[in-house]
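Pasting a predicted model and its sequence here:
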Amino acid sequence: MNWLGIILVPLFLVALYIILKFTWGEEGKDERGAQVLSKSYMASMPILPIGWLILELIQDSIGMSYDNYRYWIWILVLAIFIVQGAVIAVYRLKV
Amino acid sequence: MKLKSSGEIKNRLAVLRAEKKWSQKEVAEMLGVSRQTIVSLEKNKYNPSLKLAFEIAVLFEKEITDVFQYVREEEE
């Protein structure tokens, strides 16, 4: 399953750069920036509770090793940042 | 009478800015927003808050209705 991490880590780094550049930069500080950031939080934040719930349901039904559980939590965390970065990158061009 | 909510808010920011011969960057600095916000406003992609709309009107020494217009869908 490490291939997923190999794909996601570079995407995560790019997304992190987009998020930090937007948030700390001039663009993220005014009301339009706040609107773009709010949109990105709305898209990315539900990933963790929903993903976590799915993992718990899998754990309860078919079981999962601790290593696998840890791995998927790590993927969820990466996914949150990737989705947030993607939404910022797309939405800042639309609004 | 029921108003349709599918109308659009349009503005004359680009025209007024050209009249004053101000750059987008200058207007952004005067309003305390990013240049991208001015770009989006001029393209009518972004509707400002009421506060920013009034600040724009004050900056250009106009009434708010001289800068912003609500265009209902059936009027287009």
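On my side now, so go ahead.

And chain A, is the helix ranked longest in chain B touching that?
Criterion DSSP state H: the longest helix present in chain B is helix B:50-59. Yes. Applying CB under 8 Å from any CB of the partner chain, one finds helix B:50-59 touching chain A at residue B:52. (Glycine included, C-beta is placed from N, CA and C.)

what does chain B have sitting close to chain A?
Counting by CB under 8 Å from any CB, chain B sits next to chain A at B:32-37, B:40, B:45-46, B:48-49, B:52.

Only whichever of the residues you listed are buried, select them in ChimeraX.
A single ChimeraX command selects the buried members of the residues of chain B next to chain A (16 or more other CB atoms under 10 Å in any protein chain shown):
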select /B:33,34,35,36,37,40,46,48,52
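
Grab the two from the residues of chain B next to chain A that are most spread out in space.
Distance extremes for the residues of chain B next to chain A: the farthest pair is B:32 and B:45 at 19.8 Å, using CB to CB.

Once you drop chain neighbours, what's closest to residue A:84?
Spatial nearest neighbour of residue A:84, chain neighbours left out: residue A:44 (3.8 Å); criterion: CB to CB, 6 or more residues apart in numbering or on different chains.

in chain B, which spans are helices?
Under DSSP H, chain B gives helices at B:13-20, B:24-31, B:35-42, B:50-59, B:64-67.

hmm, who's touching the first one?
What that stands for is helix B:13-20. Contact with helix B:13-20 is made by B:24, B:27, B:38, B:41-42, B:56, B:60, B:62, B:67, as judged by CB atoms under 8 Å, 6 or more residues apart in numbering or on different chains.

Apply 6 Å and report the result again.
B:27, B:41-42, B:60 (CB atoms under 6 Å, 6 or more residues apart in numbering or on different chains).

what number of residues lie near the residue nearest to residue A:84?
Number of residues near residue A:44 (other CB atoms under 10 Å in any protein chain shown) recorded here: 21.

what helices or strands is the longest helix of chain B leaning on?
Packing partners of helix B:50-59 (3 or more CB pairs under 6 Å, 6 or more residues apart in numbering or on different chains; DSSP states H and E): helix B:64-67.

in the helix it packs on, what counts as buried?
Neighbour-count burial for helix B:64-67 [16+ other CB under 10 Å]: residue B:67.

Please apply the same query to stretch A:62-80.
Under 16+ other CB under 10 Å, the buried positions of stretch A:62-80 are A:64, A:71-72, A:75-76, A:78-80.

just stretch A:13-20 next, same as before
For stretch A:13-20, by 16+ other CB under 10 Å, it's A:15, A:18-19.
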